[in-house]
Each structure stands twice: as structure tokens, then as C-alpha cells.
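Participant: I would like to see how this sequence folds:
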Amino acid sequence: MSRRRLLLLPLAWLLLLATGAGVAFVLTDQLGIRSEPVDIPTETLVAAPERPRFAPIRLEWSVDETNTRLEAASQELAAAIGDHVADEGEASLELVGGGAGDDETYTLTGSPAALRIEAETDAGLARGLYDLAAQARAGRSMTERLGETVTPRLAFRMADLGAVGVTPDEEEWLAGDDYSHISGAFRDALLPEAPYVDEAAFAAAADSFEEFARHAAAQGFTAIAVPGLIEFLTFDAAGVYAGMPERVAQAEAIRAAYRPMLAYAESLGLETYLRTDMLTLTTPLERYLDTEFGLDATDPALWEVYTGAMDELYDALPTLDGVVIRIGEAGDVYDVPGFDYFSRLAVRSVDEVRAMLTALSAQAERSDTDVIFRTWSVGVGAVGDMHTDADSYRAVLEGIDSPNLVVSTKYTLGDFYSHLPFNDTLEIGDQRRIVEFQSRREFEFFGAFPNDLGVLYRDALQRFLAANPRVEGVWVWTQDGGPWRAGPMSLELTSGFWQLSELNTELALGLARDPETDPAQLTADWAYRWLSDDSATVAAIGEAMALSREAITAGLYIGPFADRKVFAIGLEPPPMMWLFEWDIVTGDSAVLDVIYAISRDDLDVAIADGQRALDAVTRMRDLLAATDATAWKPGMRDEMLAAVDYEQSTLGVLGAYREYFLRFAQWHDTGSSDAYAAWTDALARYRTLAAEHLATYTGDVQRPPLMLQAADLGLARAERDLPMAWAARILLGLCVLWIGLGIAARSPRVRRVPGAAAACAMLTAATRPWRAVDVVRDLPRRERVLLIAVPAVALVASRGILTWFEAPAHAGTMLAAWAVFALVAVLAGRRVSIWPVVATLGGVALLRVVLLTAVLAPTGPGGYWFGFWTDPTRRSVYVTFAFALLLWLVVAAAWTLAVQLGSRRATGVGLTGVGAAIGGIAVFTGLIGAETALTVWNDQMGLLPWGLSRILGITTYLDIPPETPWFAAAFGGALLAVGLVLALPRRRVGP
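Facilitator: Predicted structure coming up:
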């Protein structure tokens, strides 16, 4: 029997190691951490040379005041000329032609003293007036286009809703931690209860809308996207709100309130679109769709509910031109507090998207409207990469060729970051296409820093237009994108230094009309309009703005990492990551260690870029500070200098932090004392600069400070790494001495040493569990106490070291699992003897402690996680042995019990213990919620970005179903049930 057991032992270990290796392989495959080079656009910004400023001509003209479109353009021209006292003479201006239509083509004819705008449509005449106004504001000669016919290259140019109806309440911005993506527009005007609309508040919001609409039309926009859809729908045809007249009344009241605003936009020549996420829902609608269709988004009948409601909507709002649909983001951050309107990520497969687009396109055709489908899908579901992958794009959209379907795509191969290739999916497909740009860059401090994107926009448009004749327009996000109140309180036309990001709006529009325009000249036009009438000052501003991209791309990104396409956990992390996603300086090991690993070969460059960015900002400030303070428009010089000072402070903090974490990771990687000294020096600089930054900007809603909580959590753990390494070395040494004592205890003389017998019993039981009964039989009480005390102390200490004694959630969960399994095993042996299984569990636990402390000993827990994230070989070896030992705990305990209870019952006990441990933890997690549990765990361990749960949600980002804990609980319960059946003694039958 003993010989057979000795033969089974290596076979068992081979099987366990093979299982551990399989787990390691799957883990590595699921992590999928790798990178590859990509083609990043090169930006070379050159300032426009100083040019003389032309004063505007005093023009005399007239328009039909009942023609709202021409009257608005006329008022804009009058305001532009009236802004200047000097002029270069007088001239008459005649408008020739006009009529219905959207063609903006016009010709400026006549002479400098008698100008004529000739066009076949009112749209063309209005555009001519707006262009003369723009030339006057930009210090250009108003006759420079004399004799030219002007036709925009891209006729469709859509804006978001700007900051219409948003109240600039400083208290709402002060904390800086509200990551809701809801603007709060019309918040005070729309009511959840009857009468549903506050007329006075809505009138004020409508005035804000009209001001923005006039501004947008003057800039060159031809359309506006208005957030909302579900609140406008009555679903009368489907009877969704049958028996709920208040729901219908609410929708009708909202329609009635919006109707004059949309009509006013139309009178200015602006199309209007409602934009929403699908599925967009209310509680009764969700219940109806679930009851009737099981919320099956592939069912055409489900989409008939929406399309029928949209038929009704277009009848009620005839000036509405279509809808904008997104499927890639939804959830709490988009829900309006107090209203039963919400969205679900429920359209996730190719079949579901195609069913939706087929239905919505058909509806658009019969109502003579457009449906604009955004390919933005943020990695969610089977269509998660259609925004960036040509094959996925074709799978979703190929063959859906409705003339009323427009596909909208961001110009970058990802979100609105720098260091990304141009989006080549814009070069394919048979659908009409529009290109999305963002002016107030959410990932680059929401337009609080100078950030001239003209060269990037020009190169993108030229490429897409050359490759795809179906590109017909742009969508410029002037204000929206990201959380509204977690950044600067800069609201277009309303609050803060919004003119800084307005530059990118004007660049995008100017280039959409003429992609061959020199972006530097557009920047000069912007500077003349908003900042200064002085040509030398404008030239200096242009030189400063030409440095802005170097400061942004080097200071906010880590080049060697950002210039590669990175893959992890089935996703493509963005090129920034160490700032998650906007102002949170992350301190998690997953991101920072991977950034180091990818940047390792260019580490000095990665660190030096921080100083290069600071040098660029210093040059910018010197250029601006050298200008004549009286040559600026009121307040603008102070605003520009404040923006640059803010950037200098921010980049100083980030420069020190980047050096700290890259050198810190280098220490984990190499053990170099020089790297250790470098990271401690950088840490000291970071703390000094961070304290100055917080002291200066805390409470400044226009220039909010960096969010450093996550970084500080990481720093607190980093400083404990070396002490924890020493603690691990000491614990490892003690464990090895204990095991050595157990080996030496075979000698009768050594066995008399206190603890030797217990050490021998634990080692024997852990390696040959069938002998556990024999080796504990004659142990004295004090030795038996050590069977519990030694492994318990070692286990608690090792878990404490692994978690820097800062993560009770992780350590407590692991220790609880050990305790539950041990309790089940001990209770199973209570009718015989518990000490054999105690010795076995203690011995295996000690072996796992040895393995864990061996990997913690070099540089502490940070080094443990560094190897986990960056070294597949080390990770796989560790996981293989760690998982094999975990399984061996179950096998060895069952083997020990088999000697006393029999194989069947011992197997049942093992399954019962595992099931109880898994089930107990899963039930607890399910009760508090997977998102809450993961947030607490991650906040304490600092492994994943701290901002995940604050912004997107860990479960959403990692695509973890919320029911996962209950699935695990069911699995644990099944193991528990099977184990109990096997563990119960059989009832004897017969006499």
C-alpha cells in the first residue's frame, strides 16, 4: 500500500502542476499584455509671420428683416464692423440673388467701393455676410476675396449644444469629483412632475439656445445635435404608456417647449438632431420590451416600437432633421437625476446592430430625415472594435446602404487623445460619413492649456477626403465630451476662458470649408478676434501656440509608451493611462508597470520628455510675458498667462511623478541601488511640487488641481516595499528554519528540541498525507498547539506583507477562504482525530507561505506585482506552483481524511470545503454588489486604475456581468451539495 501511494504521489503532482500550468496559460492569454508599433502623425507647427492688420470697411447695406437667416447674418456683420473705431473707407454692399436651398456657394463681385454678394440661395448670401464679418474680426482686408467664388468643401458641419442652459454654479465644480457626463442643460426648466416645464426657467434656457445658435451659424455650423430622445417619445402606436396619461402628457409638454427653439434654429439655416444612447429606456418601456420581446435587440418587432414612436415625433416636430445614435456608452454617468430616463448597453452584437440600423434607416427614409450612427463603441461586446477595426466595421455595416444613414466616426484610431493614428475606418464603407473632432479636449485638461490642433485636423481631413469620396461633413464637439464638472468651469459663451478651446472649433470649421487653408493663419485669425488687435502681439501669440503641442504631447504622455498600440485584457488601453482619464494621476501597478516595461528601452527619453515639455511652456510664457500689456483685449493677457502658469505647475508635478514611477519600476526590474536613489529623489521633488500645486489651485474652479489621491495611495505602498521586502526575507528565513527543523527532527536528539516534533509532523503530513495520522499520534499538547499557531501566524503575516498591511479586504478574503476550508476539514474529522488534518493543512499552508515570501523577498509586494504584470515567464512559473499548491491543499486534506473516513467521504469533505469557501465569498460579494466589492478591493490594493470605479465602473470597463458573484455562488453551492452527499456516512442496511 505504501509503495502504491509513493507511486501515486508524483502522478498527482504532475497532474496538479499541469493544471497550474493550464491556469497560467489561460491567465496570460486573458491578460494579453503586448504592444506593437503604429504610425503616429507627425505635427510640425509653424507660426504665421506677422501680418498687418486691416481695419474694417464701413459698409452700407440692407436686408429683408423678416428673413431671419439674413437678418442674423446682417447683425453679425454690423457687430464685427462696430467693434472697431478705425476704418479703411466706406463702401456699399448689395445682396444679389437668394432663395431656398442649402447651397452656401457665393461670389464676391463688384469693386472695393461697391461690393456685391451673388448667390442662388439665402444660404449663400448669409455665408457671404458671415465671411465678411469674420474677415473684419480677424484684421483681414474685407476685399481680399473680391472676384472669388466660395464653395465649402464639406457642406455638413455639426456642433454639439455647447453650454446651452448650463448654470455655472461654482459649488458644483468645486469638489472636482463629479464624473457624470450629464451637462445639466435645462435642468431647472424640465420637471419630473406636472406641469413638466417651468416656463420662466425654460424661457431663460431658450434665450441661451438662441444665442448659441446665432454664434454657431456665424462660425459656420450648419447643424446642432441636441441631447435627448426618450423624453420626447409617447409610444402611442405601441401603447407602451397605456393607462399612464402622465407619461404622454410629459412628452407632449417637452415637445411643445422645444418646438419654438428647433424652429428658430431652422430659420437660421441650422438642422437639428436629437442624440441618444441605445437602448434608451424608461421603466415602463423596459418592462414592455422585456415582456413582449425579451429585450431581444435582434427582433425587428422591438425596433418597430422605437420607429413607430419616431414617426409620431417627426409629425409633432416637423423641423427636426434626424437622430444621432450611439451604442457604445451608457449607464449611470449619463442618467438624469430625478427622471425615469436611462440607457442600457443592450445592443452589443453584429446582428443586434444590423437589426437596429435596418429599422432606423427605413424609418428615416419614410420620414425624409437622417439617422446618424456613431461607430464609437469603447470595446463593448462583439462590436466593440468597429470604431477602430476595418473588418469589424464591414461586418456591422456592409450592405446597409440607405441614403438616409450617415456614419459618424472620430478622426483618431481611438478616443480624442494625441499619439494616436488617424482612423482608417473613415477610408472605407459605402455609407455617407462625417468626421468627429473635439475642441475642448477632455483628456488634455478640457481646454485649460493652450492646445493648437490645426495641423492635426488639416492632415486628417486631407487624408480622409483623398481616400473616401463619401466623407461629407464634420461634427465638432465645442463643449461636450467627458464629465462636465470634474474639470475647469469653462462654459462656451458663458464662463471661464472658453476662448482658448474655441480656437480648435474655428480651426475645424475653417479646414472643413477649405482643407488647404494654412492652420497657422486660422490661429492668427483667432488671436485677432479674441485676444489682441496688435499685429506684433498676435505674432507672439502665434509663436506661443506653435509650441503648445510639444508641451501637451511630451508633458501629458509618455512617448515610448504612447507611440505604441497596447493590448490588455482584450482591450486597447489609450495612450495616456497614467492620467485616468482626465486629471486623476493614477498610482496603480498594472498601468505604471506596463508603461515602464514598454518604455524600458527608451527610459531616459521617457523621463527627459517631462523636462522638454516644461521647457516648451517656459518659452511660451516668455513670449507672452514680453508683449505689451496694453495691446491685449481686456483681461485676455491675464487669462493667457494664467493658463500657461497653470500648465507649468501641472507639468512640473507630472514630470517629477513620471520620473518617480519609472525609476521605481526600474528598481523592481533591476534591483539597482542607483534606480532606488533616483526614485526617492524624484519622490521628494514630486511632493514639494505637488504641495505647491495644491496650495495654488485648490478651490480654483477655472484651473482645478490634479487629483492626486490615487497617486498618493500608490506612493504610500511604494515606500513600504523595501520594509515589506525585509519582512518577507525574515519570514521566509523563519519558515525555512522551521522546515529545516522538521527535516532534522528525524534524529532522536533533535526531536527533543521544542517544536521539532511539530515541525516534522507538519512536513511529513504536507508531503505524505497518508502518514499524518501516524506522525501526530504521540505529539504532546504543546506541540499540537504549534501545529495551529505556526502556520496561522505565517499565513496572516505573509498576507499582511503581500498587502503592505494596507488592504484588509484582500487579506481578509483570502484568510477567510483558508479558515472556511480548514473549519470544514477539521469538523469532518471531529469523530476521529482532528490533528492529522490540522498538521496537513498547516504544512501545506507553510509551503505556500515559503513560495509567496520567496517572490516578495527581492523588492516587496511592488516587485511581486511588477513581475505579474510585465514578465510572463515569472508570472507563469509562480502561478503554476501557487495553483498546484492550492489544489494540493484540497488533495492532501482529503488524502489525510481518507485514512480515517474512507476515500468517498474524504473526497466529499474536500468538495464541501471548496464549495463553502467559494460560495461564502461569492454570496457576500453578491450582497454588497460586485462593483462595490471590486472598488473597495482595488482602492486598497492599487492594482487597477483608481478612476475606473469613479468614472466608468470596473465591472463595465472589464465587461464583468453584475450577476457574476451569483454564478460563482451557484457553482460553490453545487460543489457544496455534491460534497455533502459524498461526505455523509452511508446508512447500514440489514441486521
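
Participant: Please enumerate the strands of the stretch 851-991 of the chain.
Facilitator: Using DSSP state E, counting those that start in this stretch, the stretch 851-991 of the chain contains no strands.

Participant: Any stretches of it with poor pLDDT?
Facilitator: Filtered on pLDDT under 70, the stretch 851-991 of the chain yields the residue ranges 987-991.

Participant: cool, and the chain?
Facilitator: In the predicted model, the chain carries pLDDT under 70 at residues 1-6, 83-88, 330-335, 378-381, 829, 987-991.

Participant: who does the helix ranked longest in it touch, helix- and strand-wise?
Facilitator: The longest helix of the chain (DSSP state H) is helix 636-670. Secondary-structure packing of helix 636-670 (3 or more Cβ pairs under 8 Å, 6 or more residues apart in numbering; DSSP states H and E): helix 499-513, helix 535-546, helix 548-555, helix 589-599, helix 603-625, helix 673-697, helix 709-718, helix 861-870. Any C-beta I mention is one placed from the backbone N, CA and C, and that applies to glycine too.

Participant: Compute the inter-axis angle for that helix and helix 499-513.
Facilitator: On the basis of axes from the mean of the first three to the mean of the last three Cα atoms, to 10 degrees, helix 636-670 is oriented at 90 degrees to helix 499-513.

Participant: Adding distance to residue 114 and mean neighbour count, write the helices and strands packed on helix 636-670 out as a markdown table.
Facilitator: Converted to a markdown table, the helices and strands packed on helix 636-670 look like this (distance: least, Cβ to Cβ, whole Å; neighbours: other Cβ atoms under 10 Å):
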| stretch | distance to residue 114 | mean neighbour count |
| --- | --- | --- |
| helix 499-513 | 26 | 25 |
| helix 535-546 | 29 | 23 |
| helix 548-555 | 42 | 24 |
| helix 589-599 | 64 | 24 |
| helix 603-625 | 42 | 19 |
| helix 673-697 | 55 | 16 |
| helix 709-718 | 65 | 20 |
| helix 861-870 | 72 | 23 |
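
Participant: spatially speaking, which residue is in the middle of the chain?
Facilitator: In the chain, the residue lying closest to the centroid (Cα atoms, centre = their mean) is residue 581, at 5.6 Å.

Participant: And the helices in the stretch 1-150 of the chain?
Facilitator: Counting by DSSP state H, counting those that start in this stretch, the stretch 1-150 of the chain has helices at residues 2-31, 68-82, 122-137.

Participant: Please produce TSV containing the ones you listed, extended by mean neighbour count and distance to residue 160.
Facilitator: Output for these, formatted as TSV (neighbours: other Cβ atoms under 10 Å; distance: least, Cβ to Cβ, whole Å):
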stretch	mean neighbour count	distance to residue 160
helix 2-31	14	37
helix 68-82	20	20
helix 122-137	25	20
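
Participant: Specify the stretch among those that is closest to residue 787.
Facilitator: When the helices of the stretch 1-150 of the chain are compared by Cβ to Cβ, helix 2-31 sits nearest residue 787, at 21.8 Å.

Participant: Nearest to residue 212, out of the helices of the stretch 1-150 of the chain?
Facilitator: Nearest to residue 212 among the helices of the stretch 1-150 of the chain is helix 68-82 (12.5 Å), distances taken as Cβ to Cβ.

Participant: May I have the closest one as CSV, with CA atoms only?
Facilitator: Backbone C-alpha positions of helix 68-82 (Å, rounded to 0.1, in the frame of the first residue of the first chain) are rendered in CSV as follows:
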residue,chain,number,x,y,z
THR,A,68,-34.3,85.6,-40.0
ARG,A,69,-31.3,84.0,-41.7
LEU,A,70,-30.2,87.1,-43.5
GLU,A,71,-31.1,89.4,-40.6
ALA,A,72,-28.9,87.3,-38.2
ALA,A,73,-26.0,87.4,-40.6
SER,A,74,-26.5,91.1,-41.1
GLN,A,75,-26.4,91.7,-37.4
GLU,A,76,-23.2,89.7,-37.1
LEU,A,77,-21.5,91.8,-39.8
ALA,A,78,-22.7,95.1,-38.2
ALA,A,79,-21.3,93.9,-34.8
ALA,A,80,-18.0,92.9,-36.4
ILE,A,81,-17.6,96.3,-38.0
GLY,A,82,-18.9,98.2,-35.0
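
Participant: I appreciate the help and will end here.
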